[in-house]
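In: any chance you could fold what I've pasted below:
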Amino acid sequence: MKCVFVSCLLSAGLCLGLLQVAAAVPFSGTITIAALDVHPTEAKYDKLMEKYANGLKAAFAEKDDKKTIAMVNKLNNDLVTELEKIKPELERWIKGMTEADKEAFEQRAGSKPYLKTIFEIMFDPEIGKRVEKNPELKAAMDAGNKRVESLGFEDEESQEEDYR
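Out: Below you'll find the model as predicted:
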């Protein structure tokens, strides 16, 4: 179960380089920032991921597995469509980051509300049991992960790993 959500989280954008950028700077702990001036591309990505995380939360709040599967499939479709639209923009933004930009991003990354939501879902034992007990639900989660990976995010992360 954890593997499914970790793969989803990483594939859904952090492995575009955002995780690599954050990992390049030592994590300084929990940071609360009152007002953020974020790059418009980061704001687009955050909005997309917030919608996805909240959608997953709603999907798993639904007790009928058939409805949950339909919701997860729709979320996966929407996520892939939106990631396809913003992928070139994300890549340009990441490539153009200065060291100061990278540090600022790293500080903001830990306080992203969607990450908290995804981790709550990921580590919820009831959701984990539910996914493992229902092969169709697990397949829907796995299919979404594979579709996101097919966008090329996974390959880029693997290439970055080779340079570390």
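In: all helices for this protein, in order.
Out: Applying DSSP state H to the chain gives helices spanning 2-11, 18-24, 40-61, 65-95, 99-109, 113-122, 125-133, 135-149, 153-163.
In: could you dump those into JSON lines with mean pLDDT and mean neighbour count added?
Out: C-beta coordinates here come from the backbone N, C-alpha and C atoms, glycine included. JSON lines is the format used below for these (pLDDT from 0 to 100; neighbours: other C-beta atoms under 10 Å):
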{"stretch": "helix 2-11", "mean pLDDT": "44", "mean neighbour count": "18"}
{"stretch": "helix 18-24", "mean pLDDT": "40", "mean neighbour count": "17"}
{"stretch": "helix 40-61", "mean pLDDT": "95", "mean neighbour count": "18"}
{"stretch": "helix 65-95", "mean pLDDT": "95", "mean neighbour count": "16"}
{"stretch": "helix 99-109", "mean pLDDT": "90", "mean neighbour count": "16"}
{"stretch": "helix 113-122", "mean pLDDT": "93", "mean neighbour count": "17"}
{"stretch": "helix 125-133", "mean pLDDT": "96", "mean neighbour count": "14"}
{"stretch": "helix 135-149", "mean pLDDT": "93", "mean neighbour count": "17"}
{"stretch": "helix 153-163", "mean pLDDT": "43", "mean neighbour count": "13"}
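In: tell me the pLDDT of the residue located most distally from the centre of the chain.
Out: Using C-alpha atoms, centre = their mean, the residue of the chain lying farthest from its centre is residue 64. It sits 24.8 Å away. In the prediction, the pLDDT value recorded for residue 64 is 97.
In: oh, and call the first residue 546 from now on, that's how I've got it
Out: From this message on, residue numbering opens at 546, which makes the last subject residue 609.
In: distance of it from residue 682?
Out: Computed with C-beta to C-beta, to the nearest Å, the distance linking residue 609 and residue 682 is 11 Å.
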